[in-house]
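**Student:** sequence and predicted structure are below.
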Amino acid sequence: MSGILRVPAAAAEPAKAGSTNIVRISTLYRPAQEHADAAALEVEGQMARRPKRAGSAATTERRRALDQRHSLASSDVAKATRHSRSRETTRQKLIDAALAVVARKGLENTAINDITEEADVGFGSFYNYFSSKSEIATIVFEMRAKELAIIGDMIAEHEQDPATAVSYIQRLFLTKAVADPVWGWFVVHATNSLPEMARVFMMHGKRDIERGIAARRFSVVSVETAMRIILSALLGTMRAILEKEAPATTVNETIECLLKMLGIEESEARALSQKKLPRYIARQFGT
């Protein structure tokens, strides 16, 4: 991240006669270093214009000049670090605001000033961090998509049966909307508007289906078509849950139907659809 500053840990060695120690600072803060250098040169110039003193007095004066130089550099570095933290805070406020607004209004009906007002920052500040509302919405999704990727990998490691793994992933996807309605509405509203969202969901879903086919647990005519049907069904069910129009059995029924479509027999599909999430998932994600 460009806001990170790296300052050498080792302290400067005592100055030798006729030489000057230099504090190396990231080029990001070069103006701060130049300011410190100029101040030190002015002090050294004043020393040169003074009558020469005994060697010990001159050495003491030079050390004071170097101390002043280091102090000025440290002060400017601290100011730059505070500025960097402030920028990151503002950026995160805009990301949180985008999540909330898109969840309420949908991406197409969201204006940039809606996001800045939600974040309580100036309209012009938005463009210091993002180029468009599509960019910030994509960033919001990518942050949450990492959680889903972690879930999928975790389930794949724990569950040997692909059908069981898919049933858990689908249940988690739907129950997450109940636990986090803002996230649920964001997914419902933004999936059709953000090609990246659909691409990520399709990629992970197709991987799980292909794993089931390789294990001879699934049988489908087209992996691509099967995953499109699954994604549409999950999003439709998620919307019904969020709108409180779905009965309590909706999650189980959706999972059962999708497993049957993948080739699982009815009785087994029903049994798998009724399995609760194992503790390692619930404990990790608070579902």
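**Tutor:** Sure, I can see it.
**Student:** tell me where the model's unsure across the stretch 1-150 of the chain.
**Tutor:** 1-58, 65-80, 82-83 (pLDDT under 70).
**Student:** number of nearby residues for Val221?
**Tutor:** Close neighbours of Val221, defined as other CB atoms under 10 Å, add up to 7. Heads up, the C-betas are built off the backbone N, CA and C, glycines and all.
**Student:** give me the phi and psi for it.
**Tutor:** Backbone torsions of Val221, given as degrees, to the nearest 10, read phi -70, psi -40.
**Student:** where does pLDDT dip in the stretch 151-287 of the chain?
**Tutor:** 284-287.
**Student:** those helices in it, which residues are they?
**Tutor:** 162-179, 181-190, 195-214, 223-242, 250-261, 266-273, 279-285 (DSSP state H, counting those that start in this stretch).
**Student:** C-terminal to the helix or strand hosting Arg85, which secondary structure element comes first?
**Tutor:** Assessed by DSSP states H and E, Arg85 sits inside helix 55-105. Next along the chain after helix 55-105, taking DSSP H and E as the criterion, comes helix 112-119.
**Student:** packing partners for that next one?
**Tutor:** helix 55-105, helix 133-158 (3 or more CB pairs under 8 Å, 6 or more residues apart in numbering; DSSP states H and E).
**Student:** correct me, but Tyr280 touches Glu159?
**Tutor:** No - using CB atoms under 8 Å as the test, Tyr280 is too far from Glu159 to be in contact (10.2 Å).
**Student:** the more surrounded of those two?
**Tutor:** Glu159 (16 against 12).
**Student:** test my guess that the more buried one contacts Val166.
**Tutor:** No - with contact defined as CB under 8 Å, Glu159 and Val166 do not form a contacting pair (9.1 Å).
**Student:** alpha carbons of stretch 214-233, as PDB, please.
**Tutor:** What follows is stretch 214-233 as a C-alpha-only set of coordinates in PDB (Å, rounded to 0.1, in the frame of the first residue of the first chain):
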ATOM      1  CA  ALA A 214     -15.400 -36.900 -11.400                       C
ATOM      2  CA  ALA A 215     -16.600 -38.700  -8.300                       C
ATOM      3  CA  ARG A 216     -19.600 -40.100 -10.300                       C
ATOM      4  CA  ARG A 217     -22.000 -38.400  -7.900                       C
ATOM      5  CA  PHE A 218     -23.400 -35.900 -10.400                       C
ATOM      6  CA  SER A 219     -24.700 -36.300 -13.900                       C
ATOM      7  CA  VAL A 220     -25.600 -33.300 -16.000                       C
ATOM      8  CA  VAL A 221     -25.800 -32.500 -19.700                       C
ATOM      9  CA  SER A 222     -23.900 -29.200 -19.300                       C
ATOM     10  CA  VAL A 223     -21.900 -27.900 -16.400                       C
ATOM     11  CA  GLU A 224     -22.300 -24.400 -17.600                       C
ATOM     12  CA  THR A 225     -26.100 -24.600 -17.900                       C
ATOM     13  CA  ALA A 226     -26.500 -26.400 -14.600                       C
ATOM     14  CA  MET A 227     -24.500 -23.700 -12.800                       C
ATOM     15  CA  ARG A 228     -26.600 -20.900 -14.400                       C
ATOM     16  CA  ILE A 229     -29.800 -22.600 -13.200                       C
ATOM     17  CA  ILE A 230     -28.300 -23.100  -9.700                       C
ATOM     18  CA  LEU A 231     -27.200 -19.400  -9.500                       C
ATOM     19  CA  SER A 232     -30.600 -18.200 -10.600                       C
ATOM     20  CA  ALA A 233     -32.400 -20.400  -8.200                       C
END
